[in-house]
Each structure stands twice: as structure tokens, then as C-alpha cells.
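Undergrad: pasted the sequence and its predicted model underneath.
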Amino acid sequence: MTKIAIFASGSGSNAENIIKYFANNETVSIELIVSNKEDAYVHQRAKNLGVESVTYSKNDFYNTDKVLECLLQKEVGFIVLAGFLLKIPENLLQAYPNKIINIHPALLPKFGGKGMYGDNVHKAVVEAGESESGITIHYVNENYDEGTVIFQAKCPVSVTDSYQDVAKKVHALEYTYFPLIIDKVLKS
């Protein structure tokens, strides 16, 4: 049984989608939701779905082993970042080599790095006049959005698309592919 912790900072729609995907899976369990924001809606989604959720401060992540100790106590073997905005600290990277993946709402290496998340990404794609956008699922390393790419999916961006239009297309890709790719990575 692979136990997964999902890290999320916001609404948690991808986390909910992943939890539902693995709900009746006999080899994968969504063990825990970890957030850095006490008021993130992901906690309500977790409660609604019967998954434990916890909050740790930025200080807890960067200056203590509290997060790592919690993950080890829960026997978590894999971490999925789903809208998590903090950089993953060294102690977690060392404890989970090639066991932490992230989804980014653009086609990396374009539109990645610090501050490039959510609507910031979609606005940048539209402002740059890109003809396509998409998602990138990648392993996490010590730098924002620079880990080895596992999977990308594309969607067209028309000249009349607003950043909200791009966001809808990208979200559809996220919901379709993220759980499938997590499943595939766990089986490889």
C-alpha cells in the first residue's frame, strides 16, 4: 500500500479530484492533506471526503522537522503537490528522492519559477501571445519548477482567449491527467 500526502495551499480542487480517483484503490491511499494555510478551502474538502488534514507554518517547514516527522509517523511514501506554494525544504527532498511530484499550469520551462502560479501563469501566457498552453507534471527538486518532466499535455490558446478562458482549459487538463499520471508513476 502506497500512502500519499497531498500538499495544497488553496482551494484544493485538484486534491479533491485525486482523492476521489483513488477512493476505491487497493494499493494507494490518500493518507493526509498538508497545507501551509489554516484557512485554505482544501481543509473543508478533506473533511468532506474523510481525509485528515493538517496545517504547518512556513517556519515549521523550513526550520523544524515537524512536517517530516508527521509524514514518517503516517508512513507516507509519496508526496503530491497540488497547488502548494512553498518551496519544498531540503529535509523532505532528502527523505523522498524522486517521490515528490508537482503539477504546473503551463508548459515548462516557459512560465515557471517563483511567483508563477495560478492566474499569474495564465495572464502571462495571454500577455505573451502564446498559441498554446497546458500542464507539466514533474519531479520536485530544490528549485521552483525545474525538476525532471514526467508528462505534458497541451491546449490551444486563441487570440480572443482571456486568462480565465485559458485557466478553464488548463484546469480540464489537470483534472483529466493528474490522477492518471500519479497512478502511472506509482506503478513504474
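TA: Great, that's in hand.

Undergrad: how far off centre is the helix or strand hosting residue 93?
TA: Assigned by DSSP states H and E, residue 93 belongs to helix 90-95. Here helix 90-95 is found 17 Å from its chain centre; the criterion is CA atoms, centre = their mean, to the nearest Å.

Undergrad: contacts for it next, please.
TA: Applying CB atoms under 8 Å, 6 or more residues apart in numbering, the contact partners of helix 90-95 are 65, 67-68, 71-72, 79, 100, 140-142. From N, CA and C alone the C-beta is placed, and that goes for glycine too.

Undergrad: buried residues, that helix. List them.
TA: Across helix 90-95, burial judged by 16 or more other CB atoms under 10 Å covers 92-93, 95.

Undergrad: who's in contact with residue 42?
TA: Taking CB under 8 Å, 6+ apart as the criterion, residue 42 is in contact with 8-12, 15, 33, 35, 53, 83.

Undergrad: no no, residue 9
TA: Shown in contact with residue 9 (CB under 8 Å, 6+ apart): 35-37, 40, 42, 83-86.

Undergrad: just the buried ones from those, in ChimeraX syntax?
TA: Isolation of the buried members of the contacts of residue 9 (16+ other CB under 10 Å) is achieved in ChimeraX through the command below:
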select :35,36,37,40,42,83,84,85
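
Undergrad: out of the contacts of residue 9, what pair is the most spread apart?
TA: Pairwise distances across the contacts of residue 9 (CB to CB) peak at 13.9 Å, for the pair 42 and 86.

Undergrad: was I right to think residue 103 contacts residue 178?
TA: Yes. With contact defined as CB atoms under 8 Å, residue 103 reaches residue 178; the gap is 5.3 Å.

Undergrad: any shared contact partners between these two?
TA: 14, 82, 135, 137.

Undergrad: between those, which is closest to residue 168?
TA: Nearest member of the shared contacts of residue 103 and residue 178 to residue 168, counting by CB to CB, is residue 135, at 13.0 Å.

Undergrad: need the pLDDT of the closest residue to that closest one other than its chain neighbours.
TA: In space, and not counting its chain neighbours, residue 135 is closest to residue 173: 4.7 Å by CB to CB, 6 or more residues apart in numbering. Note for residue 173: predicted pLDDT of 97.

Undergrad: now residue 173. Its backbone dihedrals?
TA: Residue 173 adopts backbone torsions of phi -70, psi -40, taken as degrees, to the nearest 10.

Undergrad: any idea how far it is from residue 73?
TA: Distance, residue 173 to residue 73, by CB to CB, to the nearest Å: 35 Å.
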